[in-house]
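Peer 1: After the sequence you'll find the predicted model.
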Amino acid sequence: MTNPAGRRVVVTGMGAITPIGNTLEAYWEGLATGRNGIGPITLFDPVRHACRIAGEVKGFDPSAHMDLKESKRMDRFSQLAVAASKQAVAHAGLEITELNAERVGVLIGSGIGGIKVMEDQQTIFAERGPSRCSPFMIPMMIANMAAGLTAIHIGAKGPNSCTVTACAAGANAVGDAFRLVKDGYADAMVAGGSEAAVTPLSIAGFAAC
């Protein structure tokens, strides 16, 4: 690289797991046709909540994208990140090998991370005591696990990080990934955002704002 700081950066592949479509094609069709992704909450019983609607991802089967046993040790936000990232890599036609793996990185943002796991484990802690909390709680809930698990799944060994900047986390991740490629720290980056915050505590908190 004679002039890495001046390198042009382009988007070569995309993936999408969203309330209006679980593939890039379905997502684009949803945008083009004005599909509404907001509806009654089904992931939990919202009867006590003032807000009872949300944008939920529907029909997502983690076993279609990863080993089912492994998926049970991942929070939903990490499952979504891995699935969408695999779509993006396939769409780009990117082949990651031992020759280029250290030049391919992952940067995935998340505003909240594994809040569902945190809520569930807090209930176990309160009802059954600290010794009953899962040893997988921390690696399931921390926000950087989406990027880490994605890197493992696609074989990327380059820069790996996570932006935690609320609703801007995904956009900031793309911007940071752009700079890593432009400045020569990586040749390719898988970048974006993932969230799975339709949970009782999260909805209560946002509704209280």
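Peer 2: All right, it came through fine. Numbering: from 1, shown residues only.

Peer 1: tell me which element Phe206 falls in.
Peer 2: helix 200-207 (DSSP states H and E).

Peer 1: what's the answer for Glu29, then?
Peer 2: Since the elements are taken from DSSP H and E, Glu29 ends up inside helix 24-33.

Peer 1: Put the alpha carbons of that helix into PDB.
Peer 2: C-alpha atoms of helix 24-33 as PDB (Å, rounded to 0.1, in the frame of the first residue of the first chain):
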ATOM      1  CA  LEU A  24     -31.700  -8.100   2.200                       C
ATOM      2  CA  GLU A  25     -34.200  -8.800  -0.600                       C
ATOM      3  CA  ALA A  26     -37.200  -9.000   1.800                       C
ATOM      4  CA  TYR A  27     -36.000  -5.900   3.700                       C
ATOM      5  CA  TRP A  28     -35.700  -3.900   0.400                       C
ATOM      6  CA  GLU A  29     -39.100  -5.100  -0.700                       C
ATOM      7  CA  GLY A  30     -40.500  -4.000   2.700                       C
ATOM      8  CA  LEU A  31     -39.000  -0.500   2.300                       C
ATOM      9  CA  ALA A  32     -40.200  -0.200  -1.300                       C
ATOM     10  CA  THR A  33     -43.800  -1.300  -0.500                       C
END
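
Peer 1: Helix or strand next in line after that helix, which one?
Peer 2: Next element after helix 24-33 (DSSP H and E): strand 38-40.

Peer 1: what comes up buried for the helix or strand just after that next one?
Peer 2: Following strand 38-40 in sequence order, the next helix or strand is strand 53-55 (DSSP H and E). Within strand 53-55, the residues scored as buried using 16 or more other C-beta atoms under 10 Å are Ala54. All C-beta atoms are positioned from the backbone trio N, CA, C, and that covers glycine.
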